[in-house]
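Trainee: Okay, structure incoming, though there's no sequence with it:
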């Protein structure tokens, strides 16, 4: 029987709940983007997930660093 290796978590469990809450806001149509919610409604699932992750990052939870943007 093959042994399974235990992998290190990339995201903490509580990060998942933060993303979950943001997705709930998105589904109900109350999720806002931008500082202070002045950017308008969140229009995509990806955007809602990204907002949830950034909120978790600000709280100091275990979340990988944001990927660097490539310049053209």
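Mentor: Cool, got the structure. All values reported here derive from a predicted model rather than from experimental measurement.
Trainee: Confirm that residue 52 sits in a strand.
Mentor: No - under DSSP: H, G, I helix; E, B strand; the rest coil, residue 52 sits outside any strand and is assigned helix.
Trainee: For residue 35, see how far away it is.
Mentor: Separation of residue 52 from residue 35 (CB to CB, to the nearest Å): 16 Å. Every C-beta, even on glycine, is put in place using the N, C-alpha and C of the backbone.
Trainee: Those two - which one has more neighbours?
Mentor: Taking neighbours as other CB atoms under 10 Å, residue 52 and residue 35 compare with residue 52 leading, 24 against 7.
Trainee: For that one, which residues are in contact?
Mentor: Taking CB atoms under 8 Å, 6 or more residues apart in numbering, we find residue 52 in contact with 18-23.
Trainee: Could I get the pLDDT score of it?
Mentor: Looking at residue 52, its pLDDT stands at 93.
Trainee: Could you measure from it over to residue 46?
Mentor: Counting by CB to CB, the gap from residue 52 to residue 46 is 11 Å.
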